[in-house]
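S.K.: the sequence isn't on hand, but the structure is:
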């Protein structure tokens, strides 16, 4: 897809660093959200990787992000960071575990406009 977008292969411009498969960062297994109770989500992100969620409206990307961040309840599954299970029942829990969310609408969902900049970062 990148080649079609920019007209050349990205591998000629950027060679990703070699990583061993053991460098687990965040693993999600059998995650079930209220928005999609009949679907299980599994994914793994290694240390140093950046995960972006993409899809059509209604595909579940926002529901997944909100559930992992503790905004919406999880109905099942497990989140592990550095191979240790973590419990996320609220955004505060997520932040304590090193999980952060950059929302789609950062002004509406990512800022508390009454607070100073320092408190919003």
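M.R.: Received the coordinates, thanks. Just so it is clear, the model here is predicted, and its values are computed rather than measured.
S.K.: contacts and neighbour counts: CA atoms only from here.
M.R.: Will do.
S.K.: center of the protein - which residue?
M.R.: residue 65 (5.5 Å; CA atoms, centre = their mean).
S.K.: wasn't that one part of a strand?
M.R.: No: counting by DSSP: H, G, I helix; E, B strand; the rest coil, residue 65 is not found in a strand; it is helix.
S.K.: state the distance from it to residue 36.
M.R.: 13 Å (CA to CA, to the nearest Å).
S.K.: kindly report the same for residue 5.
M.R.: Residue 5 sits 32 Å away from residue 36, taking CA to CA as the criterion.
S.K.: who's more crowded, those two?
M.R.: Comparing residue 5 with residue 36 by other CA atoms under 10 Å, the one with more neighbours is residue 36, at 15 against 8.
S.K.: that's a strand at the more buried one, yeah?
M.R.: No: Residue 36 sits outside any strand when classified using three-state DSSP, being coil.
S.K.: next up, phi/psi of it, please.
M.R.: phi -130, psi 70 (degrees, to the nearest 10).
S.K.: excluding sequence neighbours, find me the nearest residue to it.
M.R.: Once flanking residues are discounted, residue 36 sits nearest to residue 60: 7.5 Å by CA to CA, 6 or more residues apart in numbering.
S.K.: contacts only, for residue 26.
M.R.: 44, 45, 46, 47, 79, 80, 81, 82, 83 (CA atoms under 8 Å, 6 or more residues apart in numbering).
S.K.: the residue nearest to the centre of the chain contacts residue 101, correct?
M.R.: Yes: in terms of CA atoms under 8 Å, residue 65 counts as a neighbour of residue 101; the distance is 7.2 Å.
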